[in-house]
Structures are given as structure tokens and as C-alpha cells.
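> the sequence isn't on hand, but the structure is:
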């Protein structure tokens, strides 16, 4: 796919419904096969609704990025500044809270361009000295992608889906873009100023 077709933009308040729908769909597609219907339903209900995403969008510590292809949302990321687990070495860390490509666009470069923009935003954040995320220990494809993007495992934490306590790897890296990660600008994409 021509990566110049992937445009990354900062989400606005009007995107709450889009993010709720995209979040529910991508989480369901990513994890429904490995979770019970009851646990999945409980998590989706507690994490995704237009009201919940509106609150997250209004949080000054939070930024959502939406990757679009020909005007269609193909993926998204949520970034949040604030505290990090003690395993993350950094005074001003930035967390990638959510990072998903929609199923039709997996393998089309959406993740690569979206990650480049996440790292660009981290590098532009005054004082940011670490970017971190948590990924389910059983999500081997995501772990491989994050490793290729320069993240290394630094610890573990729990993540609850419904009533199921799962284990995530905590992965971190410096905020500077690294070799092998395409800049969104190099691909012809863009992002508006915040």
C-alpha cells in the first residue's frame, strides 16, 4: 500500500462516537477469541461509549490520534502523560494507552505510520524522556511490532478483562524516532497542530 494515503490527525471532541465504535470493534477483534463473552461484554461496556471517550478526549493529559485512509478511520492511538510503573525509567513519561489498526488495514502500514506519529508527539513533549505501553503477554504479533519499533520489555502488570486477571508486559523506549520507523511526514501524511 502507498503509505502516503495514510493521514494521521489529532482527534477532536466531535470524534467521541467514532472512537467509541472504533475502540469497541478493534478490541473485540483483537481479543474476543481468547476471552469469554461475559468478560468481553463487561470490558467493552466499561471502556467504550461516546460518553467515556468524550471524557477521555477532554482530559488535558490525553491525546488521541486517528489514522485515516481516504477519509476512513483505519486505526487510532491514545497517548497519556503522567505516572508510569516503577519499571519505566523516566521523569516525564508518555504512555501509549491504546494502539490499534482496524482489521481491514492490519498489515497495510497503518501501525507503522501511527507509531511514527506517536513517537513524534513524544519527542515534541517538553522533557519527555520515555515512552511506554503495556501489551498482553499472549499478543505475540503486537509484541513483535513493538519490539521492531524499539520497545523493550521492562516489567509486567495486571490487566482485567471482565473478571479475568491477565498479565501484560510493560515495554518502554526513548521518545526519539529510531531507524526503521517511517516518519508520517516522510510518507506524505500530516497532523494538525494541537
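Perfect, thanks for sending it. From a predicted model like this one, the values you see are computed outputs, not experimental measurements.
> ignoring the adjacent residues along the chain, who's closest to the most centrally placed residue in the chain?
Residue closest to the average C-alpha location in the chain (C-alpha atoms, centre = their mean): residue 99, at 2.1 Å. In this structure, residue 99 finds its nearest non-sequential neighbour in residue 77, 4.7 Å apart by C-beta to C-beta, 6 or more residues apart in numbering. Bear in mind the C-beta positions are built from the backbone N, C-alpha and C, glycine included.
> what's the answer for residue 32, then?
Closest to residue 32 by C-beta to C-beta, 6+ apart is residue 40, at 5.4 Å.
> would you confirm that that neighbour contacts residue 163?
No - using C-beta atoms under 8 Å as the test, residue 40 is too far from residue 163 to be in contact (11.1 Å).
> could you list the low-confidence segments of this structure?
Scanning the chain for pLDDT under 70 picks out 177-194.
> swap in 90 and give it another go.
Within the chain, the segments meeting pLDDT under 90 span 1-4, 176-194.
> so the residue lying farthest from the centre of the chain: helix, strand or coil?
The C-alpha centroid of the chain is most remote from residue 38, which lies 24.5 Å away (C-alpha atoms, centre = their mean). Classification of residue 38 by DSSP: H, G, I helix; E, B strand; the rest coil places it in helix.
> could you find the closest non-adjacent residue to it?
That would be residue 162: by C-beta to C-beta, 6+ apart, it lies 6.0 Å from residue 38.
> residue 86 now?
Spatial nearest neighbour of residue 86, excluding adjacent residues (C-beta to C-beta, 6+ apart): residue 155 at 7.7 Å.
> the one you found: how many residues sit nearby?
Residue 155 has 16 neighbours, counted by other C-beta atoms under 10 Å.
> that one falls within a strand, correct?
Yes - checked against three-state DSSP, residue 155 lies within a strand.
> so what's it bridging to?
With DSSP bridges as the criterion, residue 155 is bridged to residue 170.
> just use 6 as the starting number from now, easier for me
Yep, numbering from 6; the last one is residue 160 now.
> give the contact list for it.
By C-beta atoms under 8 Å, 6 or more residues apart in numbering, residue 160 lies in contact with 90, 91, 92, 93, 174, 175.
> again with residue 48
Counting by C-beta under 8 Å, 6+ apart, residue 48 makes contact with 32, 40, 165, 166, 167.
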